[in-house]
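[1] Model the structure of this input:
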Amino acid sequence: MISSGQIRAARALLNIDRKTLADLSGLSLPTIQRMEAAESVVGGNVESLVKVVEALRKAGIELIGEGDPSQGQGRGVRLIEPAQKREPGS
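    Numbering: from 1, shown residues only. As a prediction, the model looks like this:
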């Protein structure tokens, strides 16, 4: 499963906009916008999700599932705890 936050974070790491991701994945801009607007896990057409994941992978992004180890050797970012669950001052 891919989350809307992962898509936004991947775009930020690549320094690309939604239109560029749409072009890379062969999807429309409104489709990318809908994916990024999802509350958490992106639902919808599996084929579209696969296209986004593959486009991000080809661009150098490894999407890591919750609790999964990273297979890559480059730099990365991982959310370890949702911000709303953190204790104040931590």
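[2] And the helices in this protein?
    4-14, 18-25, 29-37, 46-58 (DSSP state H).
[3] low-scoring stretches of this protein, by residue?
    The chain contains residues with pLDDT under 70 at 75-77, 79, 81-90.
[4] Pull the number of nearby residues for Gln6.
    Counted with other CB atoms under 10 Å, residues neighbouring Gln6 total 22. From N, CA and C alone the C-beta is placed, and that goes for glycine too.
[5] ok so, going back, which among the helices of the chain is found nearest to Arg78?
    helix 4-14 (9.9 Å; CB to CB).
[6] In PDB, could you pull the C-alpha coordinates for that closest one?
    This file holds the C-alpha atoms of helix 4-14, laid out as PDB (Å, rounded to 0.1, in the frame of the first residue of the first chain):
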ATOM      1  CA  SER A   4      -0.600  10.000  -0.100                       C
ATOM      2  CA  GLY A   5       2.200  11.300   2.100                       C
ATOM      3  CA  GLN A   6       4.600   8.900   0.500                       C
ATOM      4  CA  ILE A   7       3.800  10.300  -2.900                       C
ATOM      5  CA  ARG A   8       4.200  13.900  -1.800                       C
ATOM      6  CA  ALA A   9       7.400  13.100   0.000                       C
ATOM      7  CA  ALA A  10       8.800  11.300  -3.000                       C
ATOM      8  CA  ARG A  11       8.000  14.300  -5.200                       C
ATOM      9  CA  ALA A  12       9.700  16.500  -2.700                       C
ATOM     10  CA  LEU A  13      12.800  14.400  -2.700                       C
ATOM     11  CA  LEU A  14      12.900  14.400  -6.500                       C
END
